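Peer 1: what follows is a predicted protein model with its sequence.
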Amino acid sequence: MIPSDTLRQAWSFLLQHLQRGVWLLDSEGRIIEANAAMHKWLEVPDLTGLSAAEFLVATQLDEHELVSRTGVRRKIVIVSGRVGESTIQIFADQSLVRVMESRLVEEIRRVSKLAGEDPLTGVGNRRAFDEALTAMLGEIGKKFGVIVVDADDFKAVNDSYGHKVGDEVLKSLAHKIQTLVRSDDIVSRIGGDEFAILLPNVNMSVLTEVAERLRKELVVEAQGKSFPVKVYASVGYAHSGPDPSTVVERADKWMYQNKVDRESGGLAALAEREA
């Protein structure tokens, strides 16, 4: 076990040198200790004993601001953890986070390119998606989303009209997905007729908006033997918030639930999709 004085020295070192803001709160939300960055941001020489609520304001879903004594507002990202009966919170300036987000997205794209593209559709392959997801999971406190898309009755299309038509459907799906998501979102083909989209820097509200757009508008046509073949897709999504390590499994679960709901709806569900 590490001696308590060694832990105290390590804590003091982090408080002095960490560029992000840090404070330790008691069970009632009062500040026990804060680092130099927090004192500078909040313009208070001694924060000990003050209530964190005096400086921390919730603005929107998953978004907060720190407000200094002179009224300067700083949008921040928070990572929280429990230390016994106390709470430790680490703050990052959102303007700096956005710069890091941009760099992270570019790095993910670079890694994805190296990992490989799907030769049929031109989007990333399964390996590229896994590499991108690993990079995102490595960013502590990073909020992101995953959307899983699966073509409905794709096997029937292949069996009835041949693989050439099936390939055209997949290429059209990949292209349509890219037109319906954000420019920073990363699209990959992770299975025969299954695609996954990684959405960096997204809250649940925006994730839901993108997923619903896909669910409502994602339909493609390919030319069959004598008439066009219309193919729809089922969509599932999940946010990293509850448990980043299970985000893909949760998105996959809801995609299959979406598919079951549509199939059980029979002609009524089909009519609704055609409307």
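Peer 2: Here it is on my side, so go on. Note that the structure is predicted; figures quoted are calculated from it, not measured.
Peer 1: please enumerate the strands of the stretch 1-150 of the chain.
Peer 2: In the stretch 1-150 of the chain, the strands defined using DSSP state E, counting those that start in this stretch lie at 21-25, 31-34, 56-60, 63-67, 73-83, 86-93, 144-151.
Peer 1: out of those strands, which gets nearest to Leu180?
Peer 2: Each of the strands of the stretch 1-150 of the chain has some distance to Leu180 by C-beta to C-beta; the shortest is strand 144-151, at 9.9 Å. Using the backbone N, CA and C atoms, a C-beta is placed for each residue, glycine as well.
Peer 1: need the next SSE after the closest one, C-terminal direction.
Peer 2: For strand 144-151, the succeeding helix or strand toward the C-terminus, using DSSP states H and E, is helix 154-161.
Peer 1: so what are the domain limits for this structure?
Peer 2: 4-96, 116-274 (automatic domain parsing).
Peer 1: among the ones you listed, which is the most enclosed?
Peer 2: domain 116-274 (a mean of 17; mean count of other C-beta atoms under 10 Å).
Peer 1: show me the shaky parts of the chain.
Peer 2: 1-4, 7-8, 10-11, 13-18, 60-62, 95-115, 140-141, 224-227, 262-275 (pLDDT under 70).
Peer 1: give me the element Ala233 is part of.
Peer 2: Counting by DSSP H and E, Ala233 is part of strand 228-239.
Peer 1: that strand versus strand 144-151: what angle between them?
Peer 2: 160 degrees (axes from the mean of the first three to the mean of the last three C-alpha atoms, to 10 degrees).
Peer 1: so who does the closest residue to Gly116 other than its chain neighbours touch?
Peer 2: By the measure of C-beta to C-beta, 6 or more residues apart in numbering, the closest residue to Gly116 outside its immediate chain neighbours is Asn125, 4.9 Å from it. Residues in contact with Asn125 (C-beta atoms under 8 Å, 6 or more residues apart in numbering) are Ala115, Gly116, Glu117, Asp118, Ser188, Arg189, Ile190.
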